[in-house]
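# Turn this into a structure:
(2 chains)
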Number of protein chains: 2
Amino acid sequence: MLTESEADDLRAACTRFLAGHGPVRAAELLAGIPADTVVDRYGDGGVVAELEATVAGLLGTEAAVFLPSGIMAQQIVLRVHADRRGRRTVLYHPMCHLEHHEGRALERLQGLVGRPVGEAHRLLTAADLDAVAEPAAALLVELPQRDLGGQQPAWADLEAQVAWARERGAAAHLDGARLWESAAGYGVPPARVAALFDSVYVSFYKGIGALAGCCVAGDGALVGEVREWRRRVGGTLFGLWPLAASALALLPGRLERMPRYLEQARAIAAALAGVPGVRVVPDPPQTPMMHLLLEADEATVDAAVRRLAADGTWTIRGASPTADPAVLRFELPVGDATCAFAPEEAAEIIAVLARRP
Amino acid sequence: MLTESEADDLRAACTRFLAGHGPVRAAELLAGIPADTVVDRYGDGGVVAELEATVAGLLGTEAAVFLPSGIMAQQIVLRVHADRRGRRTVLYHPMCHLEHHEGRALERLQGLVGRPVGEAHRLLTAADLDAVAEPAAALLVELPQRDLGGQQPAWADLEAQVAWARERGAAAHLDGARLWESAAGYGVPPARVAALFDSVYVSFYKGIGALAGCCVAGDGALVGEVREWRRRVGGTLFGLWPLAASALALLPGRLERMPRYLEQARAIAAALAGVPGVRVVPDPPQTPMMHLLLEADEATVDAAVRRLAADGTWTIRGASPTADPAVLRFELPVGDATCAFAPEEAAEIIAVLARRP
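Model (predicted):
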């Protein structure tokens, strides 16, 4: 794989970007924050309150609270659900963010324990949940499932999973890091998805492309408890306003364009049909993202990345190994930068990544 | 006390500000972040790494790590000290931030327990520590002690406290939220104070006036562990660069002016000598801050605040009760805005706060 510094240099010289909304640039993000932004003080008031009201409105919940990080947000809301129920176990898909990317913080910090349910390479189903005997504090559902290329369950199965949790006294929590994408995939407003759950986490720096930060939404009592915990874990920064202002500025436009991103994702996948050495997962894409499987080795992919960068197009820093040594994988989130390519052009760039020169 | 919204309106119409560097304004803070700032990715590289190197240099430590909040920073470093020693107790002054402002997070999140030592209304001394029998994980020393108006122990007593901890296998941790002020008070470089301790926390939004955030400094192994925990607690935001860039831009100038702020604090205190109804704590100030005790009731102070605001000078939102119902107290941090007044003028404004019209 390219070193980070080579990748940074190559990317800096590019003018077109295959993934998402393109690179993070300080000047652009700063310019998006209005100079007359009303500041919060330790998370209270100003643009932070405005964003919280906007998100509660979008999700159809009583309340929402802004936090600087999703790791913090989800740990807190799971802790609240667990303390209310006097239970310690959180059920989730084996590829859950808490299982792989949080250093066992649920265990080390919160005294809770994660229990993976189902199988890593396919979606969790209501039938998988029937294998769980112990009373759980919460069921966490990630929509869409990022590590499966943005797949999500059929609506009826999703309803069955939530019902399973509720019948057993467990909370139903939505890891909605990409809820905006999920709603586009289901073809419903975000509030329709959120309404299934007792608590919802949504992020602003992924599909929305803002600085950082997220919200937890739910009923007023729940959000009030999360707000207390935000202070305890150090999430109530002196000023959260730069993050919140960035989110508030970018949210409406990017949310409105989610169906367009989904359309582009599907068009690129369609254009890749029959291209040798490339597979799309899932095909067709269910949300504005996909995984691409390349029958290629690392040296081939790196050489292609360098050739494409020399022509001004930045693709990826590298693809990841899969269980098949002959196949590499990368994630393609589809955003404004991706939409600047005709689907056939994007497909040709992806084909190049798997092709020996 | 004035409501927050009345205070906001009054302050917004003012042109001079008694405390610190004046009000937080989005436009000013944003303008201070260079447009060509090199962004970090999840806390790695760019301006975040640059700030960390600068702070390690200033404090004379092997390493430093940037975190978005001090609550997070101190909990983490105390957890690391405790885990290394297999001990749970943290010793601190009764007015410690962890005792009063963090919702017992040390207990609820980290499984540690705080033990206040000494008396609330005077500094902790080495002699107080001799009353402690149990083996402690760490001794936390706050320099200067904010809730005592910025007092700090004589250097020899400080050395004795640290030696007491070390002899008993406890870590010596510096709550240096105002280390920049402390060093000015002792008349030594910050590194001289930091050198006494095993770990140091410093803040950038208080005396430095940046957006938010802080560093933990110490040896490389300690800082490495803190970095792992930063991720677990959700402090490794997608982008920390706006906070770090703001700190890096403001740090050199404000640090250089700390002796000037201290001089102004002492000049204001001297000008208040003999003013009826006003006392300065400590007198003379030991660092660029002080507490002011007013022989006045809330209505008197509020009326004075309104009169002064009508003349364009913002003072305080309100003073706090003390054990003496006839006396109110407020904190005056001395910064650029305070230095815009002649000391006699600042003293007269403070005198007005205690005076019936």
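
# The residue of chain A most remote from its centre sits in which helix or strand?
Checked against the mean C-alpha position of chain A, the extreme residue using C-alpha atoms, centre = their mean is A:P357, at a distance of 34.2 Å. Assigning secondary structure by DSSP states H and E places A:P357 outside every helix and strand.

# again, but for A:D175
Assigning secondary structure by DSSP H and E places A:D175 in strand A:171-176.

# quick one, the helix or strand that that strand is followed by and strand A:171-176 angle?
Proceeding N to C from strand A:171-176, the next assigned helix or strand is helix A:179-186, under DSSP H and E. Calculated by axes from the mean of the first three to the mean of the last three C-alpha atoms, to 10 degrees, helix A:179-186 forms an angle of 90 degrees with strand A:171-176.

# Now do helix A:179-186, average pLDDT.
Model confidence over helix A:179-186, given as mean pLDDT, is 98.

# next one: stretch A:105-121
When the per-residue pLDDT values of stretch A:105-121 are averaged, the result is 97.

# Ramachandran coordinates for the closest residue to A:F17 other than its chain neighbours?
The shortest distance from A:F17 to any non-neighbouring residue, by C-beta to C-beta, 6 or more residues apart in numbering or on different chains, is to A:A337 (4.1 Å). No exception for glycine: its C-beta is placed from N, CA and C like everyone else's. Summarising the backbone geometry of A:A337 under the convention degrees, to the nearest 10, its torsions are phi -70, psi -40.

# Likewise for A:A64?
For A:A64, the backbone dihedrals (degrees, to the nearest 10) come out as phi -150, psi 150.

# Just give me the neighbour total for it.
Number of residues near A:A64 (other C-beta atoms under 10 Å in any protein chain shown) recorded here: 23.

# A:P321 too?
By the other C-beta under 10 Å criterion, the neighbourhood of A:P321 contains 10 residues.

# do A:V202 as well
Neighbour count of A:V202, defined by other C-beta under 10 Å: 29.

# Could you check the pLDDT of it?
The predicted local confidence for A:V202 comes out at a pLDDT of 98.

# and it, what does it touch?
A:55, A:59, A:176-177, A:179-180, A:190, A:214-215, A:217 (C-beta atoms under 8 Å, 6 or more residues apart in numbering or on different chains).

# Also A:R104?
Counting by C-beta under 8 Å, 6+ apart, A:R104 has contacts B:R232.

# The residue farthest from the centre of chain A reaches A:V305, doesn't it?
No - with contact defined as C-beta atoms under 8 Å, A:P357 and A:V305 do not form a contacting pair (11.9 Å).

# for chain B, what are the nearby residues on the stretch 51-200 of chain A?
Counting by C-beta under 8 Å from any C-beta of the partner chain, the positions of the stretch 51-200 of chain A adjacent to chain B are A:67-73, A:75, A:102-105, A:108-111.

# Now for these: which two are most distant?
Comparing all pairs in those by C-beta to C-beta, the longest separation belongs to A:P68 and A:G111, at 22.8 Å.

# The two - which one has more neighbours?
More neighbours sit around A:P68 than around the other of A:P68 and A:G111, counting by other C-beta under 10 Å; the figures are 30 against 14.

# From A:L58, how far out is that one?
Between A:P68 and A:L58 the distance, using C-beta to C-beta, to the nearest Å, works out to 20 Å.

# What about the closest residue to A:C339 other than its chain neighbours, how many residues nearby?
On the basis of C-beta to C-beta, 6+ apart, the spatially nearest residue to A:C339 that is not a chain neighbour turns out to be A:Q264, at 5.1 Å. Neighbour count of A:Q264, defined by other C-beta under 10 Å: 23.

# unless I'm mixing things up, A:Q264 is touching A:A340, no?
No - in this structure, A:Q264 sits apart from A:A340 without contact. The criterion is C-beta under 8 Å, and the distance is 9.8 Å.

# the strands in the stretch 1-150 of chain A, which residues?
Read by DSSP state E, counting those that start in this stretch, the stretch 1-150 of chain A holds these strands, from start to end of the chain: A:16-17, A:63-67, A:89-92, A:113-116, A:138-142.

# Please produce CSV containing the ones you listed, extended by distance to A:F204.
As requested, the strands of the stretch 1-150 of chain A are arranged in CSV below (distance: least, C-beta to C-beta, whole Å):
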stretch, distance to A:F204
strand A:16-17, 20
strand A:63-67, 9
strand A:89-92, 22
strand A:113-116, 25
strand A:138-142, 17
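
# who wins for proximity to B:M289 among those strands?
When those are ranked by distance to B:M289, counting by C-beta to C-beta, first place goes to strand A:63-67 at 30.5 Å.

# hang on, A:V162 packs against A:A194?
No - using C-beta under 8 Å, A:V162 makes no contact with A:A194, being 11.6 Å away.

# So which of the two has more stuff around it?
Neighbours per residue (other C-beta under 10 Å) separate A:V162 from A:A194, with A:A194 holding more: 24 against 21.

# A:A337: neighbour count?
Counted by other C-beta under 10 Å, the residues lying close to A:A337 total 18.

# ok, now the one 4 residues further on?
When neighbours are defined as other C-beta under 10 Å, A:F341 has 18 of them.

# For it, what are phi and psi?
On the backbone of A:F341 - angles per degrees, to the nearest 10 - the values are phi -100, psi 140.

# Ok, A:E344 next?
phi -70, psi -40.

# Need the pLDDT of the nearest residue in space to it that is not next to it in sequence.
For A:E344, the nearest residue in space outside its immediate sequence neighbours is A:A271; the separation is 4.9 Å by C-beta to C-beta, 6+ apart. At A:A271, the predicted lDDT confidence score is 98.

# Report how many residues lie close to A:A271.
The criterion is other C-beta under 10 Å. On that basis, A:A271 has 19 neighbouring residues.

# Quick check: it touching A:A351?
No - taking C-beta under 8 Å as the definition, A:A271 is not a contact partner of A:A351, at 9.3 Å.

# Just give me the neighbour total for the residue of the stretch 51-200 of chain A found nearest chain B.
Among the residues of the stretch 51-200 of chain A, A:M72 lies closest to chain B, at 2.9 Å counting by C-beta to the nearest C-beta. A count of neighbours around A:M72, defined by other C-beta under 10 Å, yields 27.

# residue contacts, the closest residue to it other than its chain neighbours?
Spatial nearest neighbour of A:M72, chain neighbours left out: B:G234 (2.9 Å); criterion: C-beta to C-beta, 6+ apart. For B:G234, the residues meeting the contact criterion (C-beta under 8 Å, 6+ apart) are A:67-73, A:75, A:105, A:233, A:235.

# What is the most widely separated pair among these?
Longest distance between any two of the contacts of B:G234 is 15.3 Å, between A:P68 and A:A105; criterion C-beta to C-beta.

# Just the buried ones out of the residues of the stretch 51-200 of chain A next to chain B, please.
Buried by 16 or more other C-beta atoms under 10 Å in any protein chain shown: A:67-73, A:75, A:102-103, A:105, A:108-110, out of these.

# Filter those down to just the ones in helices.
Secondary structure from DSSP state H places A:70-73, A:75, A:105, A:108 of those in helices.

# For B:G185, state which of these is nearest.
Set against B:G185, the nearest of those by C-beta to C-beta is A:M72 (34.8 Å).

# What distance do you get for the closest one to A:R146?
Using C-beta to C-beta, one obtains 19 Å as the distance from A:M72 to A:R146.

# A:M258 is in contact with A:A184, isn't it?
Yes - checked against C-beta under 8 Å, the pair A:M258 and A:A184 is within contact range at 3.8 Å.

# These two: which has the busier surroundings?
For A:M258 and A:A184, the more surrounded residue by other C-beta under 10 Å is A:A184, and the numbers stand at 26 against 23.

# Quick one: residues contacting the more buried one.
A:A184 sits in contact with A:258-259, A:261-262, A:287-288, where contact means C-beta under 8 Å, 6+ apart.

# As a check, name the ranges of all helices in the stretch 251-357 of chain A.
Secondary structure of the stretch 251-357 of chain A (DSSP state H, counting those that start in this stretch): helices at A:258-271, A:298-310, A:336-339, A:343-353.
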